[in-house]
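J.: Prediction below, plus the sequence it came from.
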Amino acid sequence: MYSNMKNLFTILALLSITSLSWAQPLKLSIDKINSSELKVGDTVSVNLHIEKYPQTISSFQMYILFDQAVLKYIETKHVNKLFKATWRDNITVNFFVGLFLDFTKQGFNVENDERICEIVFVYQGGETDLVWCAEDETKDGVKIKGKTKFLNSKNEHIDLVLVDGCVCKQ
């Protein structure tokens with residue numbers, strides 16, 4: 001009897017570990033815009049996307065690097081209704097940042113592939129990548145890069161698949 005119970009606990013433990021390691025990563029992507037179709041002074045809209053995700057997301061921070069000599073930030077539009085109530089964004093010398101904090105602790109589920117938001121720029125010529133930041137970096141005590149992070153309802157980090165975009169010749 002003791003042996004059977006021990007085997008049952010071992011099997012349950014393995015199933016638990018297996019289900020944790022099989023957690024689906026969350027995929028985020030940025031549009032790719034063909035720069036050969038643009039003229040200096042054109043307005044460029046770049047969408048940030050999130051794919052369907054079965055678990056509850058409670059908060060996130062997104063950092064996106066791009067060459068500000070190529071794109072001049074104008075505004076953020078069409079913030080997804082899932083997190084519009086507490087959405088904040090900002091542009092700095094080095095990056096664009098978007099933040100969502102769920103103060104109700106209910107979070108949200110992404111039931112379909114969705115647009116996170118649309119970032120509007122003025123095209124100033126040339127090409128640039130739009131890159132999700134994957135690490136924090138400071139210089140002389142000032143944040144010059146921030147790590148893109150999403151948290152679940154237990155405030156645990158969600159594994160991410162980050163697909164960068166660009167304004168480039170295609």
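T.: Noted; the coordinates are in hand.
J.: separation between R88 and V70?
T.: 25 Å (CB to CB, to the nearest Å). Glycine gets a C-beta too; all of them are placed from N, C-alpha and C.
J.: With neighbour numbers in mind, choose between these two.
T.: Legend: neighbour count by other CB atoms under 10 Å for R88 and V70, higher for V70 (20 against 12).
J.: Kindly provide the distance from the residue nearest to that one when sequence neighbours are not counted to V161.
T.: In this structure, V70 finds its nearest non-sequential neighbour in T128, 4.0 Å apart by CB to CB, 6 or more residues apart in numbering. From T128 over to V161 the distance is 22 Å, taken as CB to CB.
J.: When these two are compared, which one has more neighbours?
T.: Each of T128 and V161 has its neighbours counted (other CB under 10 Å); T128 has more, 21 against 12.
J.: you'd agree F83 is up against F100?
T.: Yes: judged on CB atoms under 8 Å, F83 makes contact with F100 at a distance of 4.1 Å.
J.: which one of these two has more residues nearby?
T.: F100 (25 against 20).
J.: unless I'm mixing things up, the more buried one is touching W87, no?
T.: Yes: F100 sits in contact with W87 when judged by CB under 8 Å, with a separation of 5.5 Å.
J.: where does this structure dip in pLDDT?
T.: 1-22, 105 (pLDDT under 70).
J.: try 50 this time
T.: Within the chain, the stretches with pLDDT under 50 are 5, 8-21.
J.: Now do the contacts for V142.
T.: Going by CB atoms under 8 Å, 6 or more residues apart in numbering, V142 touches no other residue.
J.: Okay, and L99 sits in which element?
T.: strand 95-101 (DSSP states H and E).
J.: In its sheet, which strands sit next to that strand, and in what direction?
T.: strand 53-65 (antiparallel), strand 87-91 (antiparallel) (DSSP bridges).
J.: and the next element down the chain from it?
T.: Immediately after strand 95-101, counting by DSSP H and E, sits strand 108-110.
J.: which residues touch that following strand?
T.: With CB under 8 Å, 6+ apart, strand 108-110 has contacts from 50-57, 82-83, 102.
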